[in-house]
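1. pasting the sequence and the predicted model now:
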Amino acid sequence: MRYNDIMKIKKSKYEGYLWYSDESSPNILLGDKDLVIMERPEAYIVEGMLWDSASLTSIRIDYHDGQQHIYETEIKPEDLQGSEKTTIEEYIPHRLPGVSILSFLRYWQPVADPLCEGFEVLSPSSLVFVGFKKQ
């Protein structure tokens with residue numbers, strides 16, 4: 001995907017970060033200003049994680065195989081509470097000053113396990129960014 005696609009990300013006050021290819025650390029977004037993505041012909045977004053708590057929307061941006069990829073996930077309010085199908089996972093960030101924890105929503109799906117006589121066990125299916133805790 002190209003910048004044209006990135007420019008289609010809806011305007012909102014996102015929490016998260018954008019890491020451009022020509023920078024040594026990411027730009028941190030605290031959810032207090034509208035997202036501004038400037039077209040930069042000399043750089044691209046290597047990685048980005050955005051969380052819009054108002055619309056419960058998570059956006060992941062990454063760059064691989066020579067292309068920009070954008071993944072958007074709408075989250076149900078009950079999923080954030082945790083259940084058999086979701087859990088909250090927290091990770092310590094690297095090179096994100098002022099951020100103490102990255103929070104993700106882990107989705108689980110039942111899968112038949114041959115080691116358990118074919119009974120279903122919960123297996124991790126996806127991991128979705130849902131903001132961070134600040135220091």
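-> Looks like it arrived, so ask away. Residues are numbered from 1 along each chain as shown.
2. buried sites along stretch 69-87?
-> Using 16 or more other C-beta atoms under 10 Å as the test for burial, stretch 69-87 gives 70, 73, 75, 79, 86. Any C-beta I mention is one placed from the backbone N, CA and C, and that applies to glycine too.
3. quick check: the residue located most distally from the centre of the chain vs Lys76, distance?
-> When each C-alpha in the chain is compared with the mean C-alpha position (C-alpha atoms, centre = their mean), Glu117 comes out farthest, at 35.6 Å. Distance of Glu117 to Lys76, given as C-beta to C-beta, to the nearest Å: 32 Å.
4. in this structure, which spans are helices?
-> 3-6 (DSSP state H).
5. flag the shaky bits of it, pLDDT-wise.
-> Scanning the chain for pLDDT under 70 picks out 1-7, 135.
6. go with 90
-> For the chain, the stretches flagged by pLDDT under 90 are 1-11, 24-25, 30-45, 63-69, 81-84, 94-98, 133-135.
7. can you map out the strands along it?
-> Ranges of strands within the chain are 15-20, 27-30, 45-52, 57-64, 67-74, 86-91, 99-112, 120-134, based on DSSP state E.
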